[in-house]
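**Q** okay, predicted coordinates and the sequence, questions at the end:
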Amino acid sequence: MVPIKEFADGLASIPEKQFTDQAVLDYLRWNRVDVLSLASYLYFSGEHYTRNLIHRTPLFELIAICWETGQRSAIHNHRDQRCWMAVAYGKVQVQNFRLVRKNAATGFCELESSTHFVIDLDSPQEVDPAEPIHQVVNPHSFGSRAVTLHVYSRPFDTCEIYDLKTEHYEDVKLVNTTEYGVVKTAMKLEKVTLLPAPDTVHRL
Ligand SMILES: [Fe+2]
């Protein structure tokens, strides 16, 4: 288990040519982050999940997302950006969607559900470039807050979000809740220190 600073420095030391889907996924698999070292970045809100920027280089952004029980992302894609995700605390469910059709002129879209899986401490994942539309959920049934670590390459500040009910999609600007531990929002936040789950401690 590594502290977040060591994790970020190691990621930043991967040369751009070697910053491949598999290399970054392997890095996440072999470098599990100590949740105690994330204390400066863990802000939760009852209103919305929070995005907390930890590290940014010209090649990637490293963000911790804090999920209260029951919170979920919009259905979204990453506009051809590469994206990897690991869990630092708890677990989350990812639902993928297949784009049936869309119309850029009207904003119409039709999606259908495809695969879904759970990401926990042992199973980092990358976003499938062939099927990049997904939703991340921390369902009530998991009974715990969750913290996920996201590597986005390259940094970006917009994504497309999809609404199944209205069959409409649109661009949204992504806003960080905190950056380098500094609060950037008026949203009511709770700063939280999380202890490693007991079964994780056994594996130290
Ligand atoms: Fe995503």
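**A** Yep, it's here.
**Q** in three-state terms, label the residue nearest the centre of the chain for me.
**A** In the chain, the C-alpha closest to the average C-alpha coordinate belongs to residue 150, at a distance of 4.1 Å (CA atoms, centre = their mean). Going by DSSP: H, G, I helix; E, B strand; the rest coil, the secondary structure assigned to residue 150 is strand.
**Q** and residue 9, by the same measure?
**A** If you use three-state DSSP, then residue 9 falls in the helix class.
**Q** OK, contacts around it?
**A** With contacts defined as CB atoms under 8 Å, 6 or more residues apart in numbering, residue 9 is in contact with no residue. Quick note: C-beta positions are derived from backbone N, CA and C, even for glycine.
**Q** identify the bridge partners of residue 108.
**A** The bridge-partner assignment for residue 108, based on DSSP bridges, gives residue 103, residue 168.
**Q** quick one: the helices in the protein?
**A** Under the criterion DSSP state H, the chain contains helices at 4-12, 21-30, 198-202.
**Q** could the C-alpha coordinates of the longest one be exported in CSV?
**A** The C-alpha coordinates for helix 21-30 follow below in CSV (Å, rounded to 0.1, in the frame of the first residue of the first chain):
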residue,chain,number,x,y,z
ASP,A,21,-4.1,1.5,-21.3
GLN,A,22,-2.4,-1.7,-19.9
ALA,A,23,0.6,0.1,-18.2
VAL,A,24,-1.6,2.4,-16.2
LEU,A,25,-4.1,-0.4,-15.3
ASP,A,26,-1.1,-2.5,-14.1
TYR,A,27,0.2,0.5,-12.1
LEU,A,28,-3.2,0.9,-10.4
ARG,A,29,-3.3,-2.9,-9.7
TRP,A,30,0.2,-2.9,-8.1
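**Q** mind listing what's buried along it?
**A** Using 16 or more other CB atoms under 10 Å as the burial criterion, the residues of helix 21-30 that qualify are 24, 25, 27, 28.
**Q** can you tell me what sits against that helix?
**A** 10-11, 14, 82, 84, 86, 124-126, 129, 149, 151, 153.
**Q** now for residue 45: which residues touch it?
**A** Remark: with contacts taken as CB under 8 Å, 6+ apart, residue 45 is in contact with 66, 68, 177, 187, 188, 189, 190.
**Q** touching, the second one and residue 145? I think so.
**A** Going back to what we said before, that points to residue 68. Yes: under the contact definition of CB atoms under 8 Å, residue 68 touches residue 145, with a separation of 6.0 Å.
**Q** quickly list what's touching both of these two.
**A** 44, 138.
**Q** pretty sure residue 126 sits against residue 86.
**A** No: the pair formed by residue 126 and residue 86 falls short of the contact definition of CB under 8 Å, at 10.2 Å.
**Q** per-residue pLDDT, residue 198?
**A** For residue 198, the model assigns a pLDDT of 68.
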